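K.L.:
I need the structure of the sequence given here:
(one chain, ligands or ions: 1)
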Amino acid sequence: MRIERELEGLRAATGAWRAAGRRIALVPTMGALHAGHLALVAEARRRAEIVITSIFVNPLQFLPHEDLARYPRDEAGDLEKLRAAGCDLAWMPTPAVMYPPGAATVVEPAGPAEGWEGDERPGHFRGVATVCTKLFMMTGADVAVFGEKDWQQLQVIRRVVADLHLPLEIVGLPTVRDADGLALSSRNQRLSPEQRARAAALPRRLRAVAKALAEGRPAAPTLAEAREGLAADGFGVDYLALVVPHTLKPWTEGQHGEARLLATARLGEVRLLDNLPVFLRG
Ligand code: PAF
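P.N.:
Model (predicted):
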């Protein structure tokens, strides 16, 4: 597996692959890789001859009060996992390569970036959209694979790619979960053993809400009960909402079809994100 930290090296590799007619898949990550990321790499492998995984903890998507320095990092462990997963190139730019002195251009997403995480973390999706656009341009990938765990992020990226006519396909992969249902996330490492045991209540309550809604229970009281239940389980609930899957607009009572249940809840300082598809019958 090649490891590149400078744009020249990355471009030499991708230029040669493209000249040989190889299809390139990109898996953008911030490192601290777990089985969820490796499922993205495996999907990338199925979709292209060449797999590039980027590891870059993107300062632009952290808010001033969010602790960028405390984001989990494990470069040696990540590279080992990527080698074992059959990744062809690890793209590990430094912040100065990604944002050279004087860099001033950003991608400001709207539409699905509005509300939910967009409200909780103002500027976060600007950082995500900017870095992903740069990663797409730097690698010239034909396809990029993202997890559905960050559902809103995936919709923002799809919108940016469509709006900027970027010539790549975006693939979303269902969330990978631990045996007790908790969505895999690098943030789970920061849960204490007691919090980790409690965290499974989040997916459990989401499944119960999805089932109740699919059976025809009205959304507003079902969501309100689940919020109270999560608070009783010890979570600080940032939001638990039913939305239109691709626009992220709030679901209106009486609407039918495919919806998405979104939740963000805190255990101590750790924010856990999760979501599930829900089908509401007419
Ligand atoms: O989901 C993530 O890990 C990050 O938001 C991403 C897409 C790698 C951009 O920094």
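K.L.:
outside of stretch 125-137, which residues touch it?
P.N.:
26, 28, 54, 56, 58-62, 91, 98, 105-109, 113, 117-118, 141, 144, 152-153, 156-157, 160-161, 164, 166, 168 (CB atoms under 8 Å, 6 or more residues apart in numbering). All C-beta spots, glycine's among them, are computed from the backbone N, C-alpha and C.
K.L.:
Where do the helices of the stretch 1-150 of the chain begin and end?
P.N.:
7-19, 35-47, 75-84, 95-98, 117-120, 124-139 (DSSP state H, counting those that start in this stretch).
K.L.:
Pick the most deeply packed of those helices.
P.N.:
helix 124-139 (a mean of 21; mean count of other CB atoms under 10 Å).
K.L.:
List, one by one, the residues from the stretch 1-150 of the chain near the ligand.
P.N.:
Neighbours of the ligand within the stretch 1-150 of the chain, by CB under 6 Å from any ligand atom: Pro28, Thr29, Met30, Asn58, Gln61, Val128, Val131, Cys132, Asp150.
K.L.:
Now render these as a markdown table, adding pLDDT and distance to Gln255.
P.N.:
Formatted as a markdown table, these follow (pLDDT from 0 to 100; distance: CB to CB, whole Å):
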| residue | pLDDT | distance to Gln255 |
| --- | --- | --- |
| Pro28 | 99 | 33 |
| Thr29 | 98 | 35 |
| Met30 | 98 | 35 |
| Asn58 | 98 | 35 |
| Gln61 | 98 | 32 |
| Val128 | 98 | 28 |
| Val131 | 99 | 34 |
| Cys132 | 99 | 30 |
| Asp150 | 98 | 24 |
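K.L.:
picking up where we left off before, filter the contacts of stretch 125-137 down to just the ones in strands.
P.N.:
Judged by DSSP state E, strands contain the following of the contacts of stretch 125-137: Leu26, Pro28, Ser54, Trp91, Ala144.
K.L.:
Against Ser54, how distant is the last one?
P.N.:
With distances taken as CB to CB, to the nearest Å, Ala144 is found 10 Å from Ser54.
K.L.:
Over to the second one?
P.N.:
In this structure, Pro28 and Ser54 are 5 Å apart, going by CB to CB.
K.L.:
okay, these two: which has more neighbours?
P.N.:
Ser54 (27 against 24; other CB atoms under 10 Å).
K.L.:
so that one touches Ala141, yeah?
P.N.:
No - using CB atoms under 8 Å, Ser54 is not in contact with Ala141; the gap is 9.6 Å.
K.L.:
which residues are in contact with both of the two?
P.N.:
Leu26, Leu135.
K.L.:
for Glu269, what are its contacts?
P.N.:
Arg190.
K.L.:
please renumber so the chain begins at 43
P.N.:
Sure thing, new numbering starts at 43, so read that last one as Glu311.
K.L.:
Now it. Its backbone dihedrals?
P.N.:
phi -90, psi 0 (degrees, to the nearest 10).
K.L.:
With Glu48 instead?
P.N.:
According to degrees, to the nearest 10, Glu48 has phi -120, psi 150.
K.L.:
Nearest to Gly223 among the ones in strands among the contacts of stretch 167-179?
P.N.:
Pro70 (25.5 Å; CB to CB).
K.L.:
Tell me how far that closest one lies from Leu284.
P.N.:
Distance from Pro70 to Leu284, by CB to CB: 28 Å.
K.L.:
returning to what we had before: among the helices of the stretch 43-192 of the chain, single out whichever gets nearest to Ala111.
P.N.:
That would be, of these and by CB to CB, helix 137-140, which comes in at 12.5 Å.
K.L.:
now, among the ones in strands among the contacts of stretch 167-179, which is nearest to the ligand?
P.N.:
Lowest distance from the ligand to the ones in strands among the contacts of stretch 167-179 (CB to the nearest ligand atom) belongs to Pro70, with 3.9 Å.
K.L.:
Contacts only, for the closest one.
P.N.:
Ser96, Phe98, Val173, Cys174, Leu177, Ala186, Phe188.
K.L.:
now with 10 Å?
P.N.:
79, 82, 94-98, 100, 133, 170, 173-174, 177-178, 181, 183, 186-188, 199 (CB atoms under 10 Å, 6 or more residues apart in numbering).
K.L.:
Could you do Ala305 as well?
P.N.:
Contacts of Ala305 by CB under 10 Å, 6+ apart are 158, 244-245, 247-248, 251, 265, 268-269, 272, 277, 279-283, 314-318.
K.L.:
Look at the residue of the stretch 193-324 of the chain found nearest the ligand and say how many residues are nearby.
P.N.:
Nearest residue of the stretch 193-324 of the chain to the ligand (CB to the nearest ligand atom) works out as Gln195 at 5.8 Å. Gln195 has 23 neighbouring residues, counting by other CB under 10 Å.
K.L.:
Nothing else from me, thank you.
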